[in-house]
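K.L.:
sequence-free structure coming up:
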């Protein structure tokens, strides 16, 4: 059985317009906490009974942006996808480098996502990254 703990709060994210990067984020948990089983609300006492009378601790896994990490815009991701779907459309080494960098950033973003669908997506991106790396090596030998 899955028991959900829903903590309300907010996030402040700081974007540096000079470097075009997210530089910091602050996560603040509020006092309002709700509990659910299969989408139905339960009270705190029922939550404790369900998990064994000791509320297990799980830190909020909030990751700060890497200083060397770039952000990927939606248009960059779409462009990257088009080039991966049709690799012969990459005409230059610079385009291949751009696709490789975009894949690297997308993988870093997805690293902390759980679930089978994210795992499959990461696996596909890793394979795409290998293919693009091989294409780049072949271009550099030309």
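P.N.:
Sure, I can see it. If you're wondering where the values come from, they're calculated on a predicted model, not measured in any experiment.
K.L.:
where does this structure dip in pLDDT?
P.N.:
Low-confidence segments of the chain, defined by pLDDT under 70, are located at 58-91.
K.L.:
now do the strands in this structure.
P.N.:
Along the chain, counting by DSSP state E, strands occupy 3-16, 21-37, 40-42.
K.L.:
out of those strands, nearest to residue 117?
P.N.:
strand 3-16 (18.1 Å; CB to CB). Where C-beta positions appear, they are placed from N, C-alpha and C, glycine not excepted.
K.L.:
just to revisit the earlier point, out of the strands of the chain, nearest to residue 137?
P.N.:
Residue 137 sits nearest to strand 21-37 of all the strands of the chain, at 28.4 Å, using CB to CB.
K.L.:
so which bits of that closest one are buried?
P.N.:
Residues 21, 22, 35 are the ones in strand 21-37 that count as buried (16 or more other CB atoms under 10 Å).
K.L.:
tell me which of those is nearest to residue 2?
P.N.:
Nearest member of the buried residues of strand 21-37 to residue 2, counting by CB to CB, is residue 35, at 11.3 Å.
K.L.:
find the nearest non-adjacent residue to the closest one, please.
P.N.:
Once flanking residues are discounted, residue 35 sits nearest to residue 47: 4.1 Å by CB to CB, 6 or more residues apart in numbering.
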